[in-house]
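Participant: Turn this into a structure:
(one chain, ligands or ions: 2)
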Amino acid sequence: MNFNALNPTSSSLGFPTPIVMPVSQSPDPGDERGGGEAAERLEARVLHIVNGEHFSGAERVQSHLGRCLPEFGVTADFASVKPGKFHQMIGEQDGQWGRGFDVGMKNRFDLRAAVRVRDLVRENKYDLLHAHTPRTAMIAAIAASLARVPWIYHVHSPAARDSEKRFSNELNAWIEKQSLRTCQHLITVSESLRLDCIRRGCHEDNVSVVHNGVPAIRPPRETVPIVGGRWVLGMVALMRPRKGLEIVLEALAKLQDHDIVLRCIGPFETEAYEAEINQRIDELGIGDRIQRVGFTRDVPAELAKLSAMVLPSLFGEGLPMVVLEAMAAGLPVIATRVEGTPEAVTDGVEGLLAEPRDPESLADKIRQLVTGQYDWTEMAEAAFERHGRDFSDRAMAKRTMRVYRKVLDR
Ligand SMILES: CC(=O)N[C@H]1[C@@H](OP(=O)(O)OP(=O)(O)OC[C@H]2O[C@@H](n3ccc(=O)[nH]c3=O)[C@H](O)[C@@H]2O)O[C@H](CO)[C@@H](O)[C@@H]1O
Ligand SMILES: O=P([O-])([O-])O[C@@H]1[C@@H](O)[C@H](O)[C@@H](O)[C@H](O)[C@@H]1O
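Facilitator: Numbers count the residues shown, from 1 in each chain. Ligands and ions are numbered 1, 2, ... in the order given. Below is the predicted model:
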């Protein structure tokens, strides 16, 4: 892959010469966690171009940025190319996440959205565009060229391994590659994605890791789990094949000797997938151990009911928000060793890591926790502390502001 405009010597649209030092190596002028007395500021107006369809990980990152960036001087608004749940939720926040604009595309190649974004840039004097998906990268690249502003791209997951749909993965990876030729800088949500971008041809000076972050939400705990008692595992996700729900169902079937239930928190992406899962639950005979919650806006209230979070992802993760949310809530996380997840969870410290696509390995890890091979309270405390140290929402906003500053050269 050749990201032409990401080479530090080229600037195809005549923008200021792109960044020569990765943000992660810049001298740290303040508290990395986003705190400190005098908050660092950048007076800038940024328009995020987002899909806006669901409310899931990328949208949670976007909403936290919209809420936290103003503290660092940055106004962040949103233009949705697939206005759906997230777009609606922005409207309901009374401006607290920034303003939301509908630039809906009639189909994947409806480029009129780029003209609407250009008009928004002119009307609202945005300094920078910030895209989050291959589709929005395409719109940002065209709009940035029309409005003569720079744009950056936030990599939440590897486009080539984003879903089980091969054609859509290949198309998205191709669109992303073409669009990034004029991009000023990449933000990746994990070190693993940074290395992936460099492997695909991005110059290392032009890609910065900004780990995802979430607010501290430690809820009052209803119960502390004990060996021999009931363990309530929770899986929080937009349920789609790559999240690996089937794997945790199979693991549960192997753990019949223990009192374990699974709360499935989140909607199914499609009815067909939900029907497949229902059939698998029947085949395994574990219907009485599954509690279905569906989509909730109050994830912290759900976390308060859990003994541990389980996330059996198969592939394609960036740095899952639900892992960070569980840590922020003081919950051990049982996840799989995929992409960025091990950057947040060390096996045996903040949680446990199983091998992906391996029900036996996942069952082993769950067994280790419920039989007391690890001290639950110590693990929960380690998860909570690690969140505070490395994964707060304010730290994410501050690091993002620093990337904006480098791109805008202020
Ligand atoms: C396809 C894609 O782009 N995937 C990326 C997406 O995460 P992806 O959408 O796959 O999943 P995450 O776990 O990151 O986030 C899910 C979010 O939805 C929320 N939720 C879930 C269920 C529910 O009922 N209510 C609710 O609010 C969770 O609290 C969480 O904030 O962004 C993440 C963060 O950059 C990346 O790590 C993923 O690789
Ligand atoms: O490719 P695209 O239509 O812009 O974006 C799509 C998302 O809006 C959708 O929610 C997800 O399920 C697809 O995998 C794909 O990422």
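
Participant: for residue 193, what are its contacts?
Facilitator: Taking CB atoms under 8 Å, 6 or more residues apart in numbering, we find residue 193 in contact with 155, 157-158, 209, 318, 339-340. In short, each C-beta sits where N, CA and C put it, glycine included.

Participant: actually residue 151, not the one I typed
Facilitator: By CB under 8 Å, 6+ apart, the contact set of residue 151 is 128-131, 140-141, 143-144, 182-184.

Participant: Quick check: bridge partners of it?
Facilitator: residue 129 (DSSP bridges).

Participant: Can you read off the pLDDT for it?
Facilitator: pLDDT recorded at residue 151 is 98.

Participant: can you check residue 220 too?
Facilitator: Value for residue 220, per-residue pLDDT: 77.

Participant: Which phi and psi values does the spatially closest residue to residue 319 that is not a sequence neighbour adopt?
Facilitator: For residue 319, ignoring the flanking residues on the chain, the nearest one in space by CB to CB, 6 or more residues apart in numbering is residue 340 at 3.9 Å. Residue 340 adopts backbone torsions of phi -80, psi -10, taken as degrees, to the nearest 10.

Participant: Which residues of the stretch 101-250 of the chain lie near ligand 1?
Facilitator: Listed as neighbours of ligand 1 in the stretch 101-250 of the chain under the rule CB under 6 Å from any ligand atom: 156-157, 162, 189, 212, 236-238.

Participant: Out of these, list just those in strands.
Facilitator: Mapping these onto strands (DSSP state E) picks out residue 236.

Participant: Local confidence estimate at the closest residue to ligand 2 within the stretch 251-400 of the chain?
Facilitator: Using CB to the nearest ligand atom, the single residue of the stretch 251-400 of the chain nearest to ligand 2 is residue 269, 5.9 Å away. Listed pLDDT for residue 269 reads 93.

Participant: residues contacting it?
Facilitator: 238-240.

Participant: quick revisit: out of the contacts of residue 151, list just those in strands.
Facilitator: Using DSSP E, these in strands are 128-131.

Participant: Report the distance from stretch 337-344 to the chain centre.
Facilitator: Put simply, stretch 337-344 sits 12 Å off its chain's centre (CA atoms, centre = their mean, to the nearest Å).

Participant: er, stretch 299-313 actually
Facilitator: So, by CA atoms, centre = their mean, the centroid of stretch 299-313 is 17 Å from its chain's centroid.
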